[in-house]
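Enquirer: below are the sequence and a predicted model for it; my questions follow.
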Amino acid sequence: MLSENGKKIKQLHTTLSKMQQMLEELQSVLSEELNQLKRAQVNPVSLQMLSDNKSRLLSTINFYDEQRKSEEQQLNLAAPYPQHIALKTIWEKIISSASKAKLINSSAFPLIEVHMQKAVTLKSMVRKIDSGVSLYSASGKAQKNLMGKSYDINI
C-alpha cells in the first residue's frame with residue numbers, strides 16, 4: 001500500500017504525463033498550422049479550426065501546469081526533480097516538447113505576416129478599383145450617366 005506521500009507523487013506523475021500528452025498534441029496542431037501557412041493560399045476555415053484547437057490545448061496545458069505547481073507545493077518538490085527518476089524523466093520530455101512547440105510556433109509567425117501583407121495589398125487593390133466605378137451615387141441613388149463607353153453588340 002502506498003503512503004500518503006507516495007500517492008501524491010503518483011498524482012504529480014499523472015499530471016506531468018497529461019501535460020506531456022497535451023504538448024505532443026499541440027506540436028501536431030502547430031505542425032499542421034505551419035503546413036497550412038506554407039501554402040500560397042490558406043483555407044481560412046481550416047486555419048480557424050486549428051487556431052481554436054490550439055487555444056483549447058494551451059488552456060488545458062495551463063490548467064495542468066497550475067495543478068502541477070500546487071502538487072509540487074504540497075510535496076515540497078520542484079522541477080526538474082533530481083531525487084525522483086520517474087518525475088525527472090517525464091519533466092525532461094515536457095521541456096523537450098515545449099521547446100519543439102516553441103520552435104514550430106516561431107516558424108509560423110513570419111508566414112502569418114506574409115499572408116497578412118498579401119491581404120492588405122489585395123484590399124488596397126480592391127479599393128482602388130472600386131473607387132472609380134459605381135452604379136450608385138454617394139446618396140445611394142442609381143446613377144443614370146455612367147462614365148465609360150457602352151457597346152450594343154448584336155449577332
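Expert: In hand now; what should we look at?
Enquirer: pLDDT below threshold where in this protein?
Expert: 1-2, 130-138, 140-155 (pLDDT under 70).
Enquirer: beyond the helix or strand in which Asn35 is found, next helix or strand please.
Expert: For Asn35, the element it lies in under DSSP states H and E is helix 4-38. Sequence-wise, the next helix or strand downstream of helix 4-38 (DSSP H and E) is helix 44-75.
Enquirer: tell me the helix or strand right after that following helix.
Expert: Once helix 44-75 ends, the next helix or strand along the chain (criterion: DSSP H and E) is helix 85-132.
Enquirer: quick one: that next one to helix 4-38, angle?
Expert: 30 degrees (axes from the mean of the first three to the mean of the last three Cα atoms, to 10 degrees).
Enquirer: output the contacting helices and strands for helix 85-132.
Expert: On a contact count with 3 or more Cβ pairs under 8 Å, 6 or more residues apart in numbering; DSSP states H and E, helix 85-132 meets helix 4-38. Glycine gets a C-beta too; all of them are placed from N, C-alpha and C.
Enquirer: what is the helix it packs on packed up against?
Expert: helix 44-75, helix 85-132.
Enquirer: so the last one versus helix 44-75, what angle?
Expert: Looking back up the chat, that one is helix 85-132. 150 degrees.
Enquirer: now helix 85-132, how far from the chain's geometric center?
Expert: Averaging C-alpha positions (Cα atoms, centre = their mean, to the nearest Å) puts helix 85-132 7 Å from its chain's average.
Enquirer: ditto for the first one
Expert: The gap between where helix 44-75 is centred and where its chain is centred comes out at 12 Å by Cα atoms, centre = their mean.
Enquirer: ok, and for it, which residues are buried?
Expert: Using 16 or more other Cβ atoms under 10 Å as the test for burial, helix 44-75 gives 47, 50, 53-54, 57, 60-61, 64, 67-68, 71-72, 75.
Enquirer: of these, which is the nearest to Leu23?
Expert: Of all those, Leu23 sits closest to Ile61, with 6.5 Å by Cβ to Cβ.
Enquirer: quick one on the thing from earlier: out of the helices and strands packed on helix 4-38, nearest to Gln11?
Expert: Per Cβ to Cβ, nearest to Gln11 of the helices and strands packed on helix 4-38: helix 44-75, 6.1 Å.
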